[in-house]
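Colleague: Predicted model, plus sequence, below.
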Amino acid sequence: MKYLHTMVRVTDLEASLKFYRDALGLEEVRRSEHAQGRFTLLYLAAPGDHDAQIELTYNWPDADGKGEVYSGGRNFGHVAFAVDDIYATCQRLQDHGVSILRPPRDGRMAFVRSPDEISVELLQQGPALAPAEPWISMPNTGSW
């Protein structure tokens with residue numbers, strides 16, 4: 001058995017790419033358009049590790065331009081990524097306008113959310129980094 005991917009439905013493919021690709025740093029692995037079913041599948045993975053992927057499913061809007069509305073369920077927890085430098089990753093996310101909901105005060109763990117409210121956990125690869133500002137003093141915001 002081999003883990004393949006986690007699928008999340010997205011309401012705005014470009015906003016999701018700005019988050020997952022541009023801010024988080026994932027790479028687009030492949031994309032397919034399905035005109036008959038009116039949806040796009042886009043697979044992303046961490047650089048150098050394409051074995052575990054996130055599949056973004058974008059259902060195209062109807063003729064009136066209205067798309068499906070999704071609500072998050074508590075039965076879905078989060079997706080998680082190990083990062084080389086949690087402080088640099090969180091700074092890059094902030095520079096892209098992403099709110100750090102649970103800052104890495106411990107030098108080990110942080111949480112953010114995608115444009116579609118998917119909770120993303122970031123974990124420091126290896127041992128925790130030494131606690132550092134501004135992260136130590138940053139409060140939690142929202143929920144993750």
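Modeller: Alright, I've got the coordinates. Residues are numbered from 1 along each chain as shown.
Colleague: Strands along the protein, start to end?
Modeller: Along the chain, counting by DSSP state E, strands occupy 5-10, 27-34, 39-46, 49-59, 79-83, 109-113, 119-124.
Colleague: Turn those into JSON lines, including mean pLDDT and distance to Thr89.
Modeller: (Glycine included, C-beta is placed from N, CA and C.) Below are the strands of the chain laid out as JSON lines (pLDDT from 0 to 100; distance: least, CB to CB, whole Å):
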{"stretch": "strand 5-10", "mean pLDDT": "90", "distance to Thr89": "19"}
{"stretch": "strand 27-34", "mean pLDDT": "96", "distance to Thr89": "15"}
{"stretch": "strand 39-46", "mean pLDDT": "96", "distance to Thr89": "11"}
{"stretch": "strand 49-59", "mean pLDDT": "93", "distance to Thr89": "15"}
{"stretch": "strand 79-83", "mean pLDDT": "92", "distance to Thr89": "4"}
{"stretch": "strand 109-113", "mean pLDDT": "96", "distance to Thr89": "8"}
{"stretch": "strand 119-124", "mean pLDDT": "94", "distance to Thr89": "6"}
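Colleague: Can you tell me which of those is most buried?
Modeller: Among those, strand 109-113 has the highest mean neighbour count (mean count of other CB atoms under 10 Å), at a mean of 21.
Colleague: Would you format the strands of the chain as JSON lines with distance to Trp135 included?
Modeller: Converted to JSON lines, the strands of the chain look like this (distance: least, CB to CB, whole Å):
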{"stretch": "strand 5-10", "distance to Trp135": "27"}
{"stretch": "strand 27-34", "distance to Trp135": "26"}
{"stretch": "strand 39-46", "distance to Trp135": "22"}
{"stretch": "strand 49-59", "distance to Trp135": "25"}
{"stretch": "strand 79-83", "distance to Trp135": "14"}
{"stretch": "strand 109-113", "distance to Trp135": "8"}
{"stretch": "strand 119-124", "distance to Trp135": "11"}
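Colleague: Nearest to Cys90 among the ones you listed would be which one?
Modeller: strand 109-113 (5.4 Å; CB to CB).
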